[in-house]
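Participant: could you look at this predicted model? Sequence included:
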Amino acid sequence: MSYTGKLLRVNLTTGHSQVEELNKQWAVDYIGGKGLGLKYLYEELAPGVAPLSPDNKLILMTGLFTGTIIPLSGKLAIITKSPATGTILDCSIGGHFAAELKYAGYDAVILEGKASKPSYLYIEDKIVEIRDASELWGQGAQETELILREKINQEVKALAIGPAGENLVTMSCITSEFYRQAGRGGVGAVMGSKNLKAIAVRGSGSISVPNIKQFASSMKEFMQTDILTDTNLWANTDGTALLVDFNQDTGILPTKNFQQGTFDDYQAINSDALKAVRSGKKGCFSCALGCGNYSRTGRSTVEGPEYETLALGGSNCGISDLEAIIEFNDLCDNLGMDTISVGNVIAFAMELTEKGIKDFGLRFGDVEAYLKIPGLIAAQVGIGVDLGLGVKKLSEKYGGSDFAMHVKGLEFPGYEPRGSWGMGLAYATSDRGACHMRAWPVAQEAYGDLDAFTVEGKAQLVIELQHYNAVKFSLILCDFWALSLETMGTIVSNLLERTVTEQELSQVGERVVNLARQFNVREGFTKDNDTLPGRIFKETLKTGATKGQLLPLEEYEKMLAEYYSLRGWDRDGRPTDAKLQELGVN
Ligand code: SF4
C-alpha cells in the first residue's frame, strides 16, 4: 500500500497542527487526489462559506501512485471552494512537490483559518512550522521559490503565490518549480486570503510497494509499450502547441474573443514557430515523457507557452507576435495568474471597446496595451481593478453577457464549442465551470470520426469521458498518458494486492462526479447554470471548417436533458436519491 495513512491538519489562525489517520474507507471509495480531497471538503465545509474567508479550506492531496516510479504520477491535487465560481474546485500541479510530501510522511495537508501576518508553511518530516514571510510578501511566485531555496535548501520543493494571489485576484494561481501551475479558479487567492505566501516541504522517508521486483519490471515495460510510443511522443517533440494547427484546420481556434474559429496569422504562433525559440526540456517527477519545452526570446524565458496560452493570450486577443505572447506568459507566471482567464478577460475588454460598450483603450492586436494588463490586474490598479473581476462580473458591470465567454464564472479554454458540440456540453456541465480537463470530446469530434455538428451520442460520450477523467485525476495521473481504465485497474490491483476492475474504477469516477455535483447543488447551483454564452447559440462562425455553424439552443437543451436522464439526475440536474444511494454518496 503506497499511502502513508497520515493527514496533516494545520490551523493557520491558532498555529496548531496535528497528524490524523487518513480515512481508510474514503480512500477506498474515492481513491485519492481529486476524489478524496473532494470528499474531505464536502464533509468539512459548511454550505455557503465565503471562498476567501478563513472558514474556507485548502486541501493538498496526493494519490495512491504518488512517490512511486509509476510514470506520469508526480502531480498534486489541490481542492478548495473557488472564489471565481463558488463551485467546488480542484486543480492539479506538476513538478516534484507531491512526491516530496509523501516522503515527508503525509498523504494530505488540510489548511484552515488565516495567519495573522504573511507566513509560509515549512514541513520537514515531523517538523511543521508556520514561519514569517514578510520578506517574501510582494515578491513574484518565481522569486519566492528562489528565496526559499536560498534560505532553506536548494532541494526544497515549494508551492508559492505571486502578488495576484496576495491581492485576492480570482484568476490567481499557485506555482511550483517556476513554471508549473495549479491554474484555474483562483486557488492562489485562497492561499492569499489565508496570508499564506508559500508551502515548502522536505521529506526523508520512503514508501513501499508490494513485489518490488515485479513492480519495477512492469513499469519498465509500460514505459516502452505504453508511454514512449508514437501516440504520446508528440508531447515531448512538439508539445501542446501542435493544437494550434489542429484547431486552425478544424475551425475551432478561438480568435478575437471567440468571434472566429480561425486566425489568419496562426503560423506565427504554432509549434514550428515555437521550435525556433526552444531552449531546453523539463519533466515532472517520474516522467520520461518530459513535455516541458523552454522558450527563450530577447526579453523572456518560459516553460511553454502551452496551447491554451497561445490561443487565449494569442489568437483570441488578435496577437500574432510570438515574442509578446512569451512575455505575457512570463508576466502571468511570475505575478501568479492563469493565462487562460487573463487572456479571456483581455479579449472580452477588447470586444467591449470595439463595440463601443466600454472603452478600456484595448484593441485586438495592440501588443503594447496587452502587455500592460497582467501587471495592472495583479497589482489591482487602474483598469486592472475592473479586469481582475473576470469575464462574468465584468459583463454584469458593463454589459456584453452574450459574448462573455465563461461558464459559472470560469473563462473558456481554447476550443470553440460551435465546432465540437459535445465540448459545449462538457463546458456547461463541468464541476468547476468551463473546463477542458473534465471531458474533452474534441478528440473524437473535431479530430476524430464523430460528427461534430450533431447532439446524437454526445451526452453518453461526455459522461464516459467525465468518469474516465475523474478516475485519472483521483489517481493524479498526467493527462498526457492516454491509458485505458483497464490499465489503470491493473496498476491499482498490483499496488493494493486485490483485483480492482475497470467497472469498479468507472463507478469511482461516477461517484466523484456525483459528489462534486452534490457540492454544487448544496451551494445553490441549478440547471440554469449549466449553460453557455448567447454567442454560441446565436452567432454563426464566418470562416474555415466551421463556417456557418452555431449550436442551436433547442439542440443544446435536448442534449442537456439527455445528459441528466442518462446520469439518473432529475430534470433540474439534481442527482436523485436513488442514484446517490446506488453510488454510496451521502
Ligand atoms: S507529460 Fe509533462 S506535465 Fe505530464 S507528468 Fe510528464 S512532464 Fe509533467
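Facilitator: That came through fine. Residues are numbered from 1 along each chain as shown.

Participant: residues of the stretch 251-400 of the chain that sit close to the ligand?
Facilitator: Contacts of the stretch 251-400 of the chain with the ligand, taken as C-beta under 6 Å from any ligand atom, map to 283-284, 287, 289-292. (C-beta placed from N, C-alpha, C; glycine too.)

Participant: ditto for the chain
Facilitator: Counting by C-beta under 6 Å from any ligand atom, the chain sits next to the ligand at 72, 74, 94, 235, 283-284, 287, 289-292, 478, 480.

Participant: secondary structure element for the closest residue in space to residue 510 that isn't next to it in sequence, which one?
Facilitator: Leaving aside its sequence neighbours, residue 510 sits nearest to residue 467 (C-beta to C-beta, 6 or more residues apart in numbering; 5.3 Å). In this structure, residue 467 is located in helix 458-475 according to DSSP states H and E.

Participant: ramachandran coordinates for residue 112?
Facilitator: Here is the backbone geometry of residue 112 (degrees, to the nearest 10): phi -130, psi 160.

Participant: what's the distance between the residue lying closest to it once chain neighbours are set aside and the ligand?
Facilitator: Using C-beta to C-beta, 6+ apart and skipping residues adjacent in sequence, the residue nearest residue 112 is residue 11, 4.9 Å away. Distance, residue 11 to the ligand, by C-beta to the nearest ligand atom, to the nearest Å: 32 Å.

Participant: the chain should start at 50 in everything you say after this.
Facilitator: Noted, 50 is the first residue going forward, which turns the last one into residue 60.

Participant: and residue 60, what pLDDT?
Facilitator: Note for residue 60: predicted pLDDT of 98.

Participant: and the gap between it and residue 160?
Facilitator: Relative to residue 160, residue 60 is positioned 8 Å away (C-beta to C-beta, to the nearest Å).

Participant: who has more neighbours, the two?
Facilitator: Remark: of residue 60 and residue 160, residue 160 carries more neighbours, 24 against 17, as counted by other C-beta atoms under 10 Å.

Participant: tell me the secondary structure for that one?
Facilitator: Following DSSP: H, G, I helix; E, B strand; the rest coil, the label given to residue 160 is strand.

Participant: for the closest residue to it other than its chain neighbours, which residues are in contact?
Facilitator: Spatial nearest neighbour of residue 160, chain neighbours left out: residue 107 (4.4 Å); criterion: C-beta to C-beta, 6+ apart. Neighbour list for residue 107: 127-129, 159-160, 236, 239-240, 243, 245 [criterion: C-beta atoms under 8 Å, 6 or more residues apart in numbering].

Participant: if I look at residue 107, how far off is residue 572?
Facilitator: 17 Å.

Participant: correct me, but residue 102 touches residue 238?
Facilitator: No - look at residue 102 against residue 238 with C-beta atoms under 8 Å: they stay out of range, at 11.7 Å.

Participant: tell me which residue in the stretch 150-299 of the chain sits closest to the ligand.
Facilitator: The ligand sits closest to residue 284 of the stretch 150-299 of the chain, with a gap of 5.3 Å, by C-beta to the nearest ligand atom.

Participant: can you give me the helices in the stretch 150-299 of the chain?
Facilitator: 190-200, 212-215, 236-242, 261-271, 279-286, 291-299 (DSSP state H, counting those that start in this stretch).

Participant: ok, of those helices, where does mean pLDDT dip lowest?
Facilitator: helix 279-286 has the lowest average pLDDT among the helices of the stretch 150-299 of the chain, namely a mean of 82.

Participant: now do the buried residues in that one.
Facilitator: Across helix 279-286, burial judged by 16 or more other C-beta atoms under 10 Å covers 281, 283-285.

Participant: can you name the residue of the stretch 400-549 of the chain nearest the ligand?
Facilitator: residue 527 (3.1 Å).

Participant: which SS class is that residue?
Facilitator: coil.

Participant: model confidence for it, exactly?
Facilitator: According to the prediction, residue 527 has pLDDT 89.

Participant: for the helix or strand residue 554 falls within, give the mean pLDDT please.
Facilitator: Element membership for residue 554, per DSSP H and E: helix 551-571. In this model, helix 551-571 has a mean pLDDT of 97.

Participant: now stretch 221-235
Facilitator: Averaging pLDDT along stretch 221-235 gives 95.

Participant: ditto for stretch 388-407
Facilitator: Mean predicted confidence for stretch 388-407 is 98.

Participant: also stretch 94-108?
Facilitator: On average, stretch 94-108 scores 98.

Participant: okay, how far is it across that stretch, tip to tip?
Facilitator: Distance across stretch 94-108, first residue to last, is 11 Å (C-alpha to C-alpha, to the nearest Å).

Participant: next, the buried residues of that stretch.
Facilitator: For stretch 94-108, a neighbour-count test (16+ other C-beta under 10 Å) marks 94, 98, 100-101, 103, 105-108 as buried.

Participant: same question, stretch 293-308
Facilitator: 293-297, 299-308.

Participant: and what of stretch 258-273?
Facilitator: 258, 264, 268, 271.

Participant: and those residues, which two are the farthest apart?
Facilitator: The two members of these with the most space between them (C-beta to C-beta) are 258 and 271, at 14.1 Å.

Participant: need phi/psi at the nearest residue to the residue of the stretch 150-299 of the chain closest to the ligand once chain neighbours are set aside.
Facilitator: Leaving aside its sequence neighbours, residue 284 sits nearest to residue 340 (C-beta to C-beta, 6+ apart; 4.1 Å). With angles defined as degrees, to the nearest 10, residue 340 sits at phi -80, psi -10.

Participant: give the contact list for residue 340.
Facilitator: By C-beta under 8 Å, 6+ apart, the contact list for residue 340 reads 284-285, 288-289, 332, 529.

Participant: and the gap between the residue most central in space within the chain and the ligand?
Facilitator: Nearest residue to the geometric centre of the chain (C-alpha atoms, centre = their mean): residue 140, 4.4 Å. Using C-beta to the nearest ligand atom, we find residue 140 at a distance of 13 Å from the ligand.

Participant: hang on, that residue in a strand?
Facilitator: Yes - the assignment for residue 140 (three-state DSSP) places it in a strand.

Participant: who touches it in this structure?
Facilitator: 126-127, 222-223, 231-234, 236.

Participant: ok, and the closest non-adjacent residue to it?
Facilitator: residue 231 (3.6 Å).

Participant: what's around that neighbour, how many residues?
Facilitator: 27.

Participant: again with residue 183
Facilitator: 10.

Participant: pretty sure it contacts residue 167?
Facilitator: Yes - using C-beta under 8 Å, residue 183 is in contact with residue 167, at 5.5 Å.

Participant: show me the strands in the stretch 300-449 of the chain, by range?
Facilitator: Under the criterion DSSP state E, counting those that start in this stretch, strands of the stretch 300-449 of the chain are mapped to 327-331, 341-345, 350-352.

Participant: make a markdown table from the ones you listed and add mean neighbour count to it.
Facilitator: Converted to a markdown table, these look like this (neighbours: other C-beta atoms under 10 Å):
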| stretch | mean neighbour count |
| --- | --- |
| strand 327-331 | 13 |
| strand 341-345 | 20 |
| strand 350-352 | 22 |
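
Participant: ok, of the ones you listed, where does mean pLDDT dip lowest?
Facilitator: strand 327-331 (a mean of 83).
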